[in-house]
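Chemist: for reference, the sequence and a predicted model appear below.
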Amino acid sequence: MSITPRQPGWTRAGIYCLYGVAFAFALSIATRAGLSYDPLVDGESVLRIALLGVPFFFLVGLGLFTYWFRWAAGAPTIPEDHSGHGAKSWKSYLYPNTDHKVIGIQYVVTSFFFMFVGGLMAMLIRAELAAPGRQFVDANTYNGLFSVHASLLIFLFIIPVFAGLANYVLPLMIGAPDMAFPRLNALSFWLLPVAGTMMIASFFAPGGSFASGWTAYAPLSTSAPIGQEFFTIGVQFAGASSIATALNFLVTIITMRAPGMSFFRMPLLVWANFSTSLLVVIATPFVAASQFFVLLDRSLGFNFFDAGQGGDVLMYQHVFWFYSHPAVYIMMLPGFGIVSEILAVKSRKPVFGYRMMAFSLLAIVVLGFTVWAHHMFVSGMQSWIRVPMMVTTAIIAVPTGIKIFSWLATMWHGVLKLDTPMLFTLGFLTMFVLGGISGVMLAMIPLTIHVSDTYFIVAHIHYVLFGGSLFTIFAGVYFWFPKMTGRMYDERLGKLHFWMTFIFFNATFAPMHLIGVQGMPRRVADYAEQFATWNLVISLAAFGTGISTLIFAYNMIASWRGGPRATGNPWRSLTLEWQVTSPPPVFNFDEIPTVVGGPYEYGVPGAVHGVFGGSGTTAEPTQEPAESAGTPST
Amino acid sequence: MDAALPVTGTTTHEEHHGPPEANRSSRVDPQMLGMLLFIISEIMVFGAFFTAYFFVRIVGDNPWPAEGTELPKLIAGINTAILLSSSLTLHWAQTSVKNGNRRGLKVGMLTTFLLGATFLLVQINEYVNIGFAPSDHAQGSIFYGLTGLHGAHVFIGLILLAIVTVRAFRGHFSEKEHAGLEIPGIYWHFVDVMWVVVYTSVYIV
Amino acid sequence: MEQRRGGRNSRRMVVEMFVLGTIASLIGIAIGLAIDWFPEAASTQAGPIDTLWDVLVIVSVPIFVGVTIIVIYAARLFRERPGEEGLDGPPIHGNTKLEVIWTTIPAILLLALCTYAFVVLRDIEEAPASAAGPELRVAVRGEQFAWTYTYAGSDGKKVSTTRLFLPKGRSVDFDVTGKDVIHDFWVPAFRMKVDAVPGITTGYRVTPTRLGTFPVVCAELCGLGHAYMRSEAEVMEPAAFDAWLAKESEESNAPAGGEAEGGDGATASADGKTIFTDGTDNGALGCGSCHQLADAGTAEGIGPNLDEVLPGQTAEEIEASIVDPEAKITPGKPAGVMPGNYGDVLSPAELEAVVTYLSDSTKK
Ligand code: HEA
Ligand code: HEA
Ligand code: CUA
Ligand SMILES: [Cu+2]
């Protein structure tokens, strides 16, 4: 089939991008002419409008709005004929698609791409810090590197990769044929490449990339060169994507569960994504607003953060952290869900204290909104806020502890299969506890006064985000790899990946606790001579972490292309996604299953979670290798 | 080549059967639920702007409105009434369609739209004549920030109303099928209620 | 599915685990306390904070060791062995008593820690009752990228310096503000820090206990020169301090520091002096944040003193140094600090204005 430029697709998207640029020029010049500004052509204002506008032109060009445009114009909409479902070859992944399984894979692959880019930046950071003095980047580029590193890994890796995994498995788990709003789902995905490209492209902006950290505190961000706006605007797109996905998850979970699946029969991954989505819907608008403020201050001369005009500098931090503290749980709760799934299956035991596991998630959601100012203990805010925030912050460790202890109890007396997903899960248990404990230490105000903004914080960040979130992501990717690709991954390489990661991760980030307490500030391109030895050690270990990640990449690509075929249910799991072929049929189920019991009844003789056909026959794991759509033809 | 979206897809698929009907596990209509959740996040956006307002006015203890400026309470009050009455006409349009009164639907939608547009125009006129700019002082920033954010919502609401109106004139909606009217309607009511909050805190208090 | 019959001899294992865990915790605590974590302590505030740290280490190590040892033992004891494929564990769904225990104990522990931390917080923030002499107030101002300290000298004069001098044993109260963006005033040896925020005054107090010089570090990202915004604090004997202050107040008339008058009314876009002191609206940093220049009234910073290095240079040379700072690095000054983006962010007219201003004002 040939593509004509008028058909939605990449060609049209490209052409529309040019339209977008032309639009930016036209609008900027027209406005400046109207207000009789001089000069008429202002590069910065054109760039700013282009950043905001071109993405929409691009998305329209790709065809993401076609349906809604027809609907809005009152024209007859073409009824869904489902021909776009499923992937026919790897090329299908390059186009918008409304199948949640295709979108799930698009999400995971794209976010891992950004993980590699962000990781590469970490390698540059570590190379620069390997010795005191300047190695090869100047201060401006260095500040840009860690800012883009963190922004990519947070907004374009951890948050979306969880959304991607859930996109794939969650509808299957609850026995739904798709998500509630498939077109919105496609749109949410396509906002991500837009946001990510924008952030990476900031390095080409005049004056360099955004360099005020992922926190972009005003007034540093309001006085920075134009590169800052690649963050300010990029975050809007990433945030819009998360909100749309969260709405979709909530509606899907509430309205599309299979018959018999009451809330307390939902797998904990579903619970986790339910809680996360609540956090996203409530908190993410705050980060959007914080960046609106910055944008208004920068582009229209507003004074939100101009102390000389009555603006309030600390207001930025309150608004930002009111999102970004809940955001750290947005980056952790889905991982808790993954861990619950894997531990139950791999220990062959029901999850210990299922109800408490669900309630503790909700408790974390609620408490998560009451602790934001623990990031501001040394910010000079009203001092009375600190102590209540210290108490709530410390108390969050209680529901988290309930989860940790319940997982330990789940393993006890089980039959543990120590394969790669399980190893990463166990690695998560120990490393996250370490990161959590350093978090509790940070809650203690007098200590934070000393260690805030030092490498102790950097250590905490990476223990919770890498040892916590990333370990669960690795576990989840290995665990659902057979389901998503229809192939098995290489177990030996997987174990090698785990052990290398585990060792080098600790060698990289554990010493940071020490140099932090000793007095090395974070976000510095250069440091005092006394920290030289440890920094060299850290840098070498970081390169090891980098190499271990390459093993993972190799394993995934090679196994996807040529791994042995996977059966429908290689892990003997009870949850619904494993009761269909690998990969699942185009429409997930020929018939919606009926749920008759809890999801984790391992060890209960004859227990089943869902039955198919309503005939009462148990859903036997399908054994034949899958040949259906979704397998990339190589 | 695979086409982009199913809507425009030209390929045909071997198996022509569609997906199985999803089970409805809740009585809430999915679209309605989606809109309600969206409104929650919209409220939070306003919440963030009110946080800014709170910090500048209460924490920063700046005079409100800024010295030497005055807010046109009365005109804005009339404008409030205009916006609120648009909620009523919208409600009338909705009731009409449920009773099969197509004329009521069309007239109701059109008046609603015009009332909303009037509100926006009055607001723009206020900006032109108010005598201070967002760059003058933080109070100005917050004033324009809050009312502008609300104005942007009115604008989005107007687009939705325009869509509904066009569809109404094209003969869409019936006694049974009026979700496409109901859901944008909730949004419009939300925009109205939000204005009352903005008006009270910015102009009155 | 079939269950595994008869576990390992787990009671003995639990005892073993417990003993091992205790030993490992003790070793961990010993190591944690033996490590020399903190920089040298030079204030009365340091003591309580360092003790708090020790307590946190003592509490944390057993929690981490406990979780880790359970993971290791579970993996050891309950690993699937050959021939056990297809077996299941016992269907234990929960145990209310256990769940209550592991909810309440951490909760109590955490509340206790919070109470203790609160007490420490009060200790370090209160004005000491038995201070030697009245409290000393020092105004600290952070700007890109230097600190200025202002003291009330004798007969109402203000004394400003870029190096912090403090008397030993006397409580000092800092009033901290920021001029341009947020900085953070941190003396690791004192253990205290607080942000220097434009528009508000923050602060803390310390009582120095040790003579010597200690690093002052800016701990909040404040832009390009953040990494280099380091200076020193010198703690002296009270008598020496008083003498120093008296001497300084005699000499001082104008406050030192980056305060400078703007340009002479010309438009900002082409006025070299304004650009030098204040930068431009689109993000070009004022040169004065880093360079000393008598004509502009800027103080010593991390860049070379332009009064010293520029005389004798041609306008072309100066322009080259601005557009491409890396081309020629002034000996003894850090490379990569001076922004390399002036060629981009300054318009040709602005650049020319700066160059002309510099060559004029440094011509002998
Ligand atoms: C996945 C992300 C994630 C998670 C889950 C957490 C979890 C926690 N974080 Fe962390 N945090 C970050 C990501 C995260 N954090 C990031 C990115 C920053 C830096 C931002 C920046 O400035 O750039 C940060 C910064 C940060 C600060 C600010 C430091 C500063 O800048 O001065 C504080 C202070 O209170 C803090 C505390 C905590 C606490 C108390 C938890 C708790 O939720 C942890 C709870 C878990 C446990 C405690 C372990 C398990 C529990 C038990 C085994 C029970 C028994 C335990 C005890 C009795 C102690 N974090
Ligand atoms: C999920 C989040 C996440 C993850 C996974 C990482 C991963 C890593 N981070 Fe990052 N980091 C953050 C989130 C994260 N970080 C955040 C939020 C900050 C705070 C930023 C701020 O202050 O604003 C931060 C800051 C931060 C700093 C502090 C910078 C500073 O304050 O000056 C450092 C310094 O060492 C660092 C290092 C690393 C390293 C070595 C890795 C490694 O684990 C990365 C490993 C992965 C790869 C390397 C990619 C795969 C490999 C290749 C692409 C091939 C190349 C291989 C070789 C050259 C060997 N990070
Ligand atoms: Cu000043 Cu960092
Ligand atoms: Cu937090």
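Modeler: On my side now, so go ahead. Owing to the predicted nature of the structure, the values given are computational and were not obtained by experimental measurement. Ligands and ions are numbered 1, 2, ... in the order given.

Chemist: I'd like the distance between the residue sitting nearest the centre point of chain A and residue A:584.
Modeler: Nearest to the mean C-alpha position of chain A, by Cα atoms, centre = their mean, lies residue A:159 at 1.5 Å. As judged by Cβ to Cβ, to the nearest Å, residue A:159 and residue A:584 stand 25 Å apart. Quick note: C-beta positions are derived from backbone N, CA and C, even for glycine.

Chemist: one more: residue B:104?
Modeler: 49 Å.

Chemist: neighbour-wise, which of the two wins?
Modeler: Taking other Cβ atoms under 10 Å in any protein chain shown, residue B:104 and residue A:584 do not tie; residue A:584 has more neighbours (28 against 17).

Chemist: can you confirm that one is in a strand?
Modeler: No: remark: residue A:584 does not belong to a strand; assigned using DSSP: H, G, I helix; E, B strand; the rest coil, it is coil.

Chemist: assess the claim that it and residue A:483 are in contact.
Modeler: Yes: in this structure, residue A:584 is within contact of residue A:483 by Cβ atoms under 8 Å, at 7.3 Å.

Chemist: show me where chain B dips below the pLDDT cut-off.
Modeler: Low-confidence segments of chain B, defined by pLDDT under 70: B:1-17.

Chemist: mind redoing it with 90?
Modeler: B:1-29, B:56, B:58-73, B:97-103, B:128-138, B:163, B:166-183, B:204-205 (pLDDT under 90).

Chemist: from the stretch 1-150 of chain A, which residue is nearest to ligand 2?
Modeler: Taking Cβ to the nearest ligand atom, ligand 2 has its nearest neighbour within the stretch 1-150 of chain A at residue A:119, 2.1 Å off.

Chemist: and if you look at chain B?
Modeler: residue B:48 (21.2 Å).

Chemist: tally up the residues packed near the residue nearest to that residue when sequence neighbours are not counted, please.
Modeler: Closest residue in space to residue B:48, ignoring its immediate chain neighbours: residue A:289 at 3.2 Å, by Cβ to Cβ, 6 or more residues apart in numbering or on different chains. With neighbours defined by other Cβ under 10 Å, the count for residue A:289 comes to 26.

Chemist: need the residues touching each of residue A:584 and residue A:483.
Modeler: By Cβ atoms under 8 Å, 6 or more residues apart in numbering or on different chains, residue A:584 and residue A:483 have these common neighbours: residue A:577.

Chemist: how about the residues of the stretch 501-634 of chain A near chain C?
Modeler: Within the stretch 501-634 of chain A, the positions near chain C by Cβ under 8 Å from any Cβ of the partner chain are A:514, A:517-519, A:521, A:523-528, A:572, A:601-605, A:607.

Chemist: quick one on the thing from earlier: give the other helices and strands that the helix or strand the residue nearest to the centre of chain A falls within contacts.
Modeler: Here residue A:159 sits within helix A:159-173, counting by DSSP states H and E. When contacts are defined as 3 or more Cβ pairs under 8 Å, 6 or more residues apart in numbering or on different chains; DSSP states H and E, helix A:159-173 packs onto helix A:100-129, helix A:182-201, helix A:228-255, helix A:268-300, helix A:333-347, helix A:471-485.

Chemist: try 7 Å
Modeler: Where contact means 3 or more Cβ pairs under 7 Å, 6 or more residues apart in numbering or on different chains; DSSP states H and E, helix A:159-173 is packed against helix A:100-129, helix A:228-255, helix A:268-300, helix A:471-485.
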